[in-house]
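> here is the input, now give the coordinates:
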Amino acid sequence: MSGPGLTGDPFLRAPVGLASPDEDIAGRMSLTLAVAASSCREARGAVRAFCVDNSHGSLADDAELLTSEIVANAVEHSVGSIRVTATATRTWITVSVADDSSSPIPTAGRFPHELAERGRGLLVVEELAGDWGTTPNDSGKSIWFRLP
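Here you go, the predicted structure:
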């Protein structure tokens, strides 16, 4: 995949436990974004294009929504850049969003107050993703999801 801010990264790996040794990686994408509201739009477009380019157009709507939710969290909590990576095989895609936030690793188990305007993003991820999780890293954390 190519375009402004997009690079192929041969060292990207799917989150542990999601890739079968038998499955061939069909495509990879990496995108580094600023901590800005416009990053949600950029990430959505890149992930949609990645899905279509890797024969997963049927997953593009869900992948776009889940990416937007996770990138919005990263924009809110991060102080540096945000990195979006994606991996595709014939049967699934995985998207990971890494930030440098020192805030605790989130869980989807909390339900916001019924009148709250925020706080439902990970609940959406929990409902739509085939699998998802969080991984701490040296500078913060990554939140990833797999479809289907």
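
> and the strands in this protein, which stretches?
6-7, 27-33, 82-88, 93-99, 131-137, 140-147 (DSSP state E).

> rank those strands by pLDDT, which is bottom?
Comparing mean pLDDT across the strands of the chain, the weakest is strand 6-7, with a mean of 34.

> returning to what we had before: would you format the strands of the chain as a markdown table with distance to residue 75 included?
(Glycine included, C-beta is placed from N, CA and C.) A markdown table is the format used below for the strands of the chain (distance: least, Cβ to Cβ, whole Å):
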| stretch | distance to residue 75 |
| --- | --- |
| strand 6-7 | 19 |
| strand 27-33 | 8 |
| strand 82-88 | 7 |
| strand 93-99 | 9 |
| strand 131-137 | 17 |
| strand 140-147 | 13 |
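
> just say which of those strands is most tucked in.
Most buried of the strands of the chain by mean neighbour count (mean count of other Cβ atoms under 10 Å) is strand 93-99; its value is a mean of 26.

> who touches that strand?
Contacts to strand 93-99, defined as Cβ atoms under 8 Å, 6 or more residues apart in numbering, come from residues 14-15, 18, 43, 47, 50-51, 54, 56, 59, 63, 66-67, 70-71, 73-74, 77-78, 80, 82-88, 135, 137, 140-147.

> what pairs with it, parallel or antiparallel?
strand 82-88 (antiparallel), strand 140-147 (antiparallel) (DSSP bridges).
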